[in-house]
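S.K.: Pasting the sequence and the predicted model now:
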Amino acid sequence: MISDLHCYVNSRPDVDWNTCGQAAIATMADYWGKDPWDLDRVERDPDDGRWYWDDGAAIDAVKADGFDSDVVFGWGSTGDRIKQALKHYGLSASVGYSGFASWGWQDRWESVQKYVAKNRPVPVMLDLGAIGGPSWTAHWAICYHVEDGEVHLGNCSWNPSPRTDDFLDAWRAWFLPYGFNHCAVFC
């Protein structure tokens, strides 16, 4: 069971306006031991003592490989963009999301729970307003643990451990178009 996960974050406000998808890609590549960019590991995590890439350098490397935002006007990344990047870096990946009127969301939720139970973190698209973040804001967080009525999320400082019901509400991302609701990338 993953008890803690190092997640890369888009922390440069004037540069990383909407690169949480690229941060998710870097997180997954690093978690699975891929080093596609030969970046120096310059940041030491005080919790696990391991060394990690600089967040901005990792995000810039993902973008330089052609996996920048693919939503119109640079408003973020689709699950397919994340999947394509992970495949490019040698990982098997697939995307799942609910259908019309959230049809099939329960199957996606079961898949997320099965993946994290097998130590496989899952990037998930969330409506941050539903878990205490800014309203009308979509964000790629990393689900890495589900237990005791809570969902543990990396790269989600607004609420890293929402109650399951709140997470499910946020994951519905009601204001986003088809393809983003209950969206998860399985790797």
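M.R.: Arrived safely.
S.K.: Check what contacts the longest strand anywhere in the chain and list those residues.
M.R.: Counting residues, the longest strand found in the chain (DSSP state E) is strand 138-147. Outside strand 138-147, the residues that touch it by CB atoms under 8 Å, 6 or more residues apart in numbering are 1-3, 5, 7, 20-21, 23-24, 27-28, 76-77, 82, 112-113, 116-117, 121-128, 133, 151-156, 164, 167, 173, 176, 180, 184. In short, each C-beta sits where N, CA and C put it, glycine included.
S.K.: Could you please name the strands the lowest-mean-pLDDT helix or strand in the chain pairs with and the direction of each pair?
M.R.: When the helices and strands of the chain are scored by mean pLDDT, DSSP states H and E, strand 41-44 comes last with a mean of 93. Here strand 41-44 is paired, per DSSP bridges, with strand 51-53 (antiparallel).
S.K.: any idea which helix or strand comes after the partner strand?
M.R.: helix 55-64 (DSSP states H and E).
S.K.: what does the average pLDDT come to for that next one?
M.R.: In this model, helix 55-64 has a mean pLDDT of 97.
S.K.: which parts of that helix are buried?
M.R.: Going by neighbour count (16 or more other CB atoms under 10 Å), the buried part of helix 55-64 is 55-56, 58-62.
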